[in-house]
Each structure stands twice: as structure tokens, then as C-alpha cells.
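J.: curious how this folds, go ahead:
(one chain, ligands or ions: 2)
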Amino acid sequence: MATLSSAHCGSSIYGNDHQRARFSSIQKRFLRSGVSLLYQSNPIRNVVRMQDGLAAATVTPIESEIPLKKLKEGLLSVTSTEGKDAISVDDKGGDSTVSITVVGASGDLAKKKIFPALFALFYEDCLPEHFTVFGYARSKMTDEELRTMVSKTLTCRIDKRENCSEKMDQFLKRCFYHSGQYDSKEHFTELDKKLKEHEGGRVSNRLFYLSIPPNIFVDAVRCASSSASSTNGWTRVIVEKPFGRDSESSAALTRNLKEYLEEDQIFRIDHYLGKELVENLSVLRFSNLIFEPLWSRQYIRNVQLIFSEDFGTEGRGGYFDHYGIIRDIMQNHLLQILALFAMETPVSLDAEDIRNEKVKVLRSMKPLQLEDVVIGQYKSHARGGISYPGYTDDKTVPKDSLTPTFAAAALFIDNARWDGVPFLMKAGKALNTKRAEIRVQFRHVPGNLYNRSFGTDLDRATNELVIRVQPDEAIYLKINNKVPGLGMRLDRSNLNLHYAARYSKEIPDAYERLLLDAIEGERRLFIRSDELDAAWALFSPALKELEEKKIIPEYYPYGSRGPVGAHYLAARYNVRWGDLGLEQ
Ligand SMILES: NC(=O)C1=CN([C@@H]2O[C@H](COP(=O)(O)OP(=O)(O)OC[C@H]3O[C@@H](n4cnc5c(N)ncnc54)[C@H](OP(=O)(O)O)[C@@H]3O)[C@@H](O)[C@H]2O)C=CC1
Ligand SMILES: O=C1O[C@H](COP(=O)(O)O)[C@@H](O)[C@H](O)[C@H]1O
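T.: Numbering: from 1, shown residues only. Ligands and ions are numbered 1, 2, ... in the order given. This is a model prediction of the structure:
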């Protein structure tokens, strides 16, 4: 019997019923050929994967009596295309390899996030046995210089420091560099040659991470797909945002990418979907009976999605000025959270089932109305003897720029569950705090016996569920509680799940989860093209109007709480921002 060893990298999503059912049908066919498989949830080590109607399994036999006569090196790889009802046995011998090419390796995101995430996966033993990392960019660098650059950004987890430098050395030895233009097929052909050398004749799987400015996405994809695609394994491309700047440009980008790639090869990344607490949203809601019955207009008064940073656009003003905060944060990160929050129960945890539900929510929403948006821009401010620059003080930003660095918006979902419930978003740079959170404010308790204890301010008495995505991850529920003692005094207290106190394990960076998923072919946390279209349809008209009418943003001092207009907007819907209370 073939057995599979267990590990910790894959997620239990692979163990859902639907996938188990598919696996069991493949298992039966295996049995006919004299091999039995055990279902195993870890897809990397055992390479047991179920994806989009395609199920694939690679099994390393441990017991010698397994009848795998026709296979070399004890490896069996089987793929089955659902629907076509076909199983092909691949007996090439040798296993597969994954080559990860970071296109734009000299850039900020590559250094800050991608290489460190790859190292963390390596450290955790989550990368396949045979993998290579290639940096690709125009800058001239040797392999050694890339390694030196990368090494400066690597850290080991606080809870895992053993063998740290040894592991870093091992990882760096797997990193290589190729210098080339993004629009040169010839240069990608050279890369292909190098990749092949490292792949050593194994089945080659290739992941390209486009960490470059969006205007060169299509050039890079054209060249990579024609000159450096895998010929016998998969080729996938991770595309970074921005995916266009409105409906038209986004559709054009999708069209152009699809000239060279199939939709299932495109992994549009929204790193907020890789954050631990965003991933936990569905778990919280669908696996706890106490929440799901409350998850509707009947009990929820409003939902707030809040993002704030306590620094400005420093260093990224050139990019930012072309997009602004609505495109940078709201149309993607906050809207994705909203869709996950508000979707109906998916048929299963399969990527397509989840994404189908997200699209339905997005398509049920009313496009954002101009009167439901407030925009702001930070101005310079001196505090404690330090002077903080205004947005337009950045040399890469035009002095007369009207680009919003802050926005608040009210959105509505026109469906039976959410009719009339305001979903308020607020996002800003250069504010007084750094945080991202979801706040769910519940309705007042009808005929509350204890109303007298709260006076006229009933808002103070309503329950609020806060999911603090970052920093210092937590989920807490504000409840009314009797202050211990002989009297009858109530206060507001928190039932608090504070991650640092509850879990000793360091929370992985979002990019780790997403890179691992892309390697595994798990698409659940990536944006499908119809989701993207629906997301742009909500924001494009208001964005166009804001720009055409040259609406002047409300100026707010660097480090403040942002424009007061945000409060008026909330008040119009009878809402008070939850992050501004005395006890938050
Ligand atoms: N940085 C961040 O925090 C985030 C970035 N992103 C997205 O990720 C992608 C990469 O971001 P980031 O690393 O900041 O980008 P960079 O501006 O640092 O660009 C990455 C690399 O692309 C090359 N490059 C830059 N400008 C041009 C140009 N005009 N023409 C050709 N090549 C160019 C440079 O490499 P070389 O000159 O060596 O070829 C550069 O090192 C972008 O799409 C960005 O929007 C998304 C979220 C956050
Ligand atoms: O996508 C982006 O996200 C970052 C914030 O990401 P976080 O994980 O640090 O919260 C933001 O600074 C940047 O402007 C935006 O492009």
C-alpha cells in the first residue's frame, strides 16, 4: 500500500468533503491498478491535489511490495481530468521541480515581501524538494550579488531560530539571477535555458511572479509564455495589482493577458486575502453556530471596513498619484474582505464555489454614488518639533495633485440578506494609527430592560464584533456586562481572542500563504476575472466623476484622524465609526 507522510504546510481546505469524494473516485481507479492511496491533506509533500475539476496525485511508495513495476524510481504520477474520465499514468520516472522566477527582482516588493516569503516557506519545509528561485530584471547583477541583496531581507521567525543561518545559506544557494529586458523574447529564451539546466530533466513546473510596474505586465507575459513556459508541466503567472485603473483598462489588461495565458494560469494577487484574519473570516462565520444566524440585516446595523496607515506614500508617490487610495485599497483589499464577509454559504470550500459566491455579492451591489464618497489628502504638519511632509511635497507628485490619500465610502448590497445595511469603508494614509479591521455593529436590543443604565446613547449599548486584521491580531466582541458588586451597574467589556496571548506561533506573512497556494495551484485566494470586472463596475463611475469634476479633497494634517467629512457621511446613515470611540 502506498502511504503518505504528513506535514503542516497545506491547509485543511484540501480535506473538504467535496475533494475527498473526488479523491475517493480516483482511489478506486488506483485500486484497480493494484495501488491504494490514503487521502492526505498535505498537497506539497505528497502532491495530492484537487483543483478545478482536475485531480492530480503523486505518491511515493514507502512499502517495497507495492506493485509499481512499470515505474522507475518508485514514483507514480497520475492525473485525471474530471468529465473526460481519463487517467493517464506518467511513468517518466523522476519527480518534478518548481522554478519560481521573480520578474522585477531588483524592486521594492521583491526585496520586502517575495524573497522573504519564499525563504519562510523553505524554512518551514513547505517548498517542494526540487525548487529553484530565479531573479529576473534589467539591472546587472551576478548570482552572488542577488544573494547578497536577498540575504539582507531574510529573517527567521521569532519562534524558530535554530539553524537559521544554515537554512539561509541553503536557501540562497537555490537563488540565481538573470538580467534581461521585459520585452525581449531572446532574453527570456536565455532564462529558459538556465531554468532547464537547473531542472535537470525533471517535469518542469514554472511560476512567474510579475513584480514590475503594470505597464510592462503584458510584455513580460508575452515573452515569458512564448520563450520560457514549461513544456511538460504547468506554467503559472502571479500578477500584482493594480489590475487596471477602471473597468475599461482592467478589461483590456485581462484581454491582453489572455492572449498568452489561460484564465487558470493567471493568479491575480490581493495580499489581503492571504492575511490570517481574513482567511479566518469564513471559519468564524461558517463553523460557529452563534454567528451565522446573526449575519444579516435582521441583526446587523452596519459593517465597517477600516484601513489606516500612520505613514504617507513615501517613495511610492509616482505610482500612487496615478491611482489614489480608492483604487489602491478600497476597490481591492476592502472590497475583497466585504465580499468574503457578505457572501452566501458556498457549496464547498473549492476555489470556484467560493469565488462564485463572492461574484454574486459584488454583482448585487449598487455602484458607489458620488454623494456617498468623501475624499481627503494629507498636508504637512509639525508635531513635537518634527515636521511631517504633505502629500504634494513628494517630488514625484504634481504640486496641484487632487489625488485622494483618504476616502470614506458607503456601499450597499441589494439582496435579501443585506438590504439597507450600510457597508462603510474608510481608508487613509498618514493618519494617527496603523490598523486594518472589520467592525460589525449589531442592532439595539428591543425593549432592553437595562436601557436606563445607558441613558439616551443606545449606540453605547449595542454589541460590536471587531476583527482586527492587523496589527496585533484579535477578534473581540463588545458586550454589556454587570460590574461586579452589590449594585446594578453595567459596563462594556470585551470577550477577547487576542492572538498573541492565545497562540504561540508567529503568524505567517500573507505572501507566504499566497505563494504556497500558487505553487499548489490553489486559486481560492486569487481574484478571478469576473470578480475583478464586478469590482471595477462598482467603483469606476464614481472614480470617473471625481476626476472629471476635479473634486477637491478635504485636507487633513499628517498624523491626524482624517477629514471630518467621514463623520458626516457615517452620520447620514446613522452610523458612528467604531474606531473613534473612547474604548475601541
Ligand atoms: N512595493 C509594494 O509595497 C507593493 C507593490 N505592488 C505592486 O507590485 C509591483 C512591483 O512593485 P515594486 O517592487 O514596488 O515596483 P518597483 O517600482 O520597485 O519596480 C520593480 C522593478 O521593475 C523595474 N522597473 C521599474 N520601473 C520600470 C519601468 N518604468 N520600466 C521597466 N522596468 C521598470 C525595476 O527593475 P530593473 O530596473 O532592474 O529592471 C524595478 O526594480 C507593482 O505592480 C506594484 O504596483 C503591490 C502592492 C504593494
Ligand atoms: O497594496 C497595498 O498595500 C499596502 C498595505 O499593505 P499591508 O499588508 O502593509 O497592510 C499599502 O501600503 C500600499 O499602498 C498598497 O498598494
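
J.: flag every residue of the protein that's near ligand 2.
T.: His271, Glu309, Asp328, Ala436 (Cβ under 6 Å from any ligand atom). Placement of C-beta: from N, CA and C, glycine included.

J.: could you rerun that using 5 Å?
T.: Asp328 (Cβ under 5 Å from any ligand atom).

J.: against Pro508, how distant is Phe131?
T.: Look at Phe131 and Pro508: by Cβ to Cβ, to the nearest Å, they are 18 Å apart.

J.: for Leu465, that is, sorry about that
T.: Applying Cβ to Cβ to Leu465 and Pro508 gives a distance of 24 Å.

J.: same question for Thr403.
T.: From Thr403 to Pro508 the distance is 33 Å (Cβ to Cβ).

J.: now swap in Lys196 and tell me
T.: 32 Å.

J.: which of those two has more residues huddled nearby?
T.: Pro508 (18 against 15; other Cβ atoms under 10 Å).

J.: wondering if stretch 310-326 reaches ligand 1 at all.
T.: No: remark: stretch 310-326 sits outside contact range of ligand 1, by Cβ under 5 Å from any ligand atom, the gap being at least 5.8 Å.

J.: any idea how far that stretch is from the middle of the chain?
T.: 20 Å (Cα atoms, centre = their mean, to the nearest Å).

J.: what residues sit buried inside that stretch?
T.: Gly312, Thr313, Gly317, Phe320, Asp321, Tyr323, Gly324, Ile325, Ile326 (16 or more other Cβ atoms under 10 Å).

J.: got the phi and psi for the residue with the largest distance to the centre of the chain?
T.: In the chain, the residue that sits farthest from the middle, by Cα atoms, centre = their mean, is Leu486; the gap is 49.9 Å. When read as degrees, to the nearest 10, the backbone of Leu486 gives phi -80, psi -20.

J.: same deal with the one 5 residues further on?
T.: In this entry, Asp491 is assigned phi and psi values of phi -140, psi 180 (degrees, to the nearest 10).

J.: residue numbering should commence at 30 henceforth.
T.: In the new numbering, first residue 30, that becomes Asp520.

J.: that one: how many residues sit nearby?
T.: Neighbour tally, Asp520, other Cβ under 10 Å: 11.

J.: pLDDT score assigned to the nearest residue to it once chain neighbours are set aside?
T.: With sequence-adjacent residues excluded and distances taken as Cβ to Cβ, 6 or more residues apart in numbering, Asp520 is closest to Val512, at 5.2 Å. Note for Val512: predicted pLDDT of 92.

J.: so Val512 makes contact with Arg518?
T.: Yes: Val512 is in contact with Arg518 according to Cβ atoms under 8 Å; the separation is 4.4 Å.

J.: export the buried residues of stretch 339-355 to a markdown table and tack on pLDDT and secondary structure?
T.: Output for the buried residues of stretch 339-355, formatted as a markdown table (pLDDT from 0 to 100; DSSP: H, G, I helix; E, B strand; the rest coil):
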| residue | pLDDT | secondary structure |
| --- | --- | --- |
| Gly341 | 96 | coil |
| Thr342 | 94 | coil |
| Gly346 | 84 | helix |
| Phe349 | 95 | helix |
| Asp350 | 96 | helix |
| Tyr352 | 96 | helix |
| Gly353 | 97 | helix |
| Ile354 | 98 | helix |
| Ile355 | 98 | helix |
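
J.: would you mind giving these as JSON lines with distance to Phe151 added?
T.: Listed next are the buried residues of stretch 339-355 as JSON lines, based on distance: Cβ to Cβ, whole Å:
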{"residue": "Gly341", "distance to Phe151": "34"}
{"residue": "Thr342", "distance to Phe151": "32"}
{"residue": "Gly346", "distance to Phe151": "34"}
{"residue": "Phe349", "distance to Phe151": "32"}
{"residue": "Asp350", "distance to Phe151": "37"}
{"residue": "Tyr352", "distance to Phe151": "33"}
{"residue": "Gly353", "distance to Phe151": "37"}
{"residue": "Ile354", "distance to Phe151": "35"}
{"residue": "Ile355", "distance to Phe151": "37"}
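
J.: ok, of these, which one's closest to ligand 1?
T.: Tyr352 (8.4 Å; Cβ to the nearest ligand atom).

J.: hang on, the earlier thing: which residues are in contact with each of Val512 and Arg518?
T.: Counting by Cβ atoms under 8 Å, 6 or more residues apart in numbering, Val512 and Arg518 have no shared contacts at all.

J.: distance between the ends of stretch 330-344?
T.: 39 Å (Cα to Cα, to the nearest Å).

J.: once you drop chain neighbours, what's closest to the closest residue to ligand 2 within the stretch 280-429 of the chain?
T.: Closest approach between the stretch 280-429 of the chain and ligand 2, counting by Cβ to the nearest ligand atom: Asp357, at 4.8 Å. Leaving aside its sequence neighbours, Asp357 sits nearest to Phe349 (Cβ to Cβ, 6+ apart; 6.5 Å).

J.: contact partners of the helix or strand Ala547 falls within?
T.: Assessed by DSSP states H and E, Ala547 sits inside helix 539-549. Contacts of helix 539-549 with the rest of the structure, by Cβ under 8 Å, 6+ apart, involve 38-39, 72-73, 78, 127, 129, 142-143, 145-147, 149-150, 155-157, 234, 236, 238, 265, 267, 296, 298, 300-305, 308, 552-555.

J.: strands - which of those land there?
T.: The members of those that map onto strands under DSSP state E are Arg78, Val127, Ile129, Asn234, Leu236, Tyr238, Arg265, Ile267, Phe296, Ile298, Phe555.

J.: can you give me the neighbour number for Ser256?
T.: 17.

J.: who's in contact with the closest residue to it other than its chain neighbours?
T.: For Ser256, ignoring the flanking residues on the chain, the nearest one in space by Cβ to Cβ, 6+ apart is Phe217 at 3.8 Å. Taking Cβ under 8 Å, 6+ apart as the contact definition, Phe217 lies against Gly209, Cys252, Ala253, Ser255, Ser256, Ala257.
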